[in-house]
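Novice: Pasting the sequence and the predicted model now:
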Amino acid sequence: MTDTKDVIAAIVGIEPGSELAAVVAGRADIMALTQQTHDAALTPAEPGGLTHAERAALACRIAKINDAGDFEAHFEALLDSSGATGDTARIADIWFDGGSDIRLKALIRHVDLVAHAPKDATRRDIELLREAGLDDADIVRLSELVAFVSYQIRVAAGLRLMRGLA
């Protein structure tokens, strides 16, 4: 598994020994927690009802929605290593809506909504996930995934801004 600190450093272009590298090193605790969250959100030991492949594909989709090509490449690599095929692999395609699979349609609809306009999500959106067969634990897992990927993209954006000011 790729170290999240290394992923963010590579994506942002943090050079060892730079001022920004020193700032990031001063927040090693946050970077360690980011690594733990990355692993828990994308490759947990017990994935529940969201497979590792689905998680990687959904994360890739979120990166695409946010126009974060660098993260898209990272999540595509995770998706490729998961061995995903068929509709599971197609989840990463922002034009794919889940086809005839009710569960995939609900997952994709929810991720697209929350990635585009989180303030527009309502209780009904959670009910739609339940109606598609997701249990509460998987709804929480899905929410954690969307929140983490969004966080990771924003951390990188903030570090890029800092790099530009240094």
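Specialist: Received it, and whenever you're ready, just let me know what you need.

Novice: going forward, measure contacts and count neighbours with C-alpha atoms only.
Specialist: Will do.

Novice: Which of the three states applies to residue 100?
Specialist: Of the three states, residue 100 takes coil according to DSSP: H, G, I helix; E, B strand; the rest coil.

Novice: tell me which helix or strand of this protein sits lowest on mean pLDDT?
Specialist: Lowest mean confidence among the helices and strands of the chain (mean pLDDT, DSSP states H and E): helix 4-12, at a mean of 70.

Novice: Check whether residue 64 really touches residue 111, as I assumed.
Specialist: No. Residue 64 is not in contact with residue 111 according to Cα atoms under 8 Å; the separation is 11.8 Å.

Novice: what is in contact with these two at once?
Specialist: Listed as contacting both residue 64 and residue 111 by Cα atoms under 8 Å, 6 or more residues apart in numbering is no residue at all.

Novice: These two - which one has more neighbours?
Specialist: Each of residue 64 and residue 111 has its neighbours counted (other Cα atoms under 10 Å); residue 111 has more, 22 against 19.

Novice: and that one, what element?
Specialist: For residue 111, the enclosing helix or strand under DSSP states H and E is helix 102-116.

Novice: Point out the other helices and strands that whatever helix or strand comes next after that helix packs with.
Specialist: Following the chain from helix 102-116 toward its C-terminal end, the next helix or strand by DSSP H and E is helix 123-131. The criterion is 3 or more Cα pairs under 8 Å, 6 or more residues apart in numbering; DSSP states H and E, and the helices and strands that helix 123-131 contacts are helix 102-116, helix 136-165.

Novice: Any stretches of this structure with poor pLDDT?
Specialist: Within the chain, the stretches with pLDDT under 70 are 1-6, 165-166.

Novice: Just give me the neighbour total for residue 17.
Specialist: Applying the criterion other Cα under 10 Å, we find 8 residues in the vicinity of residue 17.
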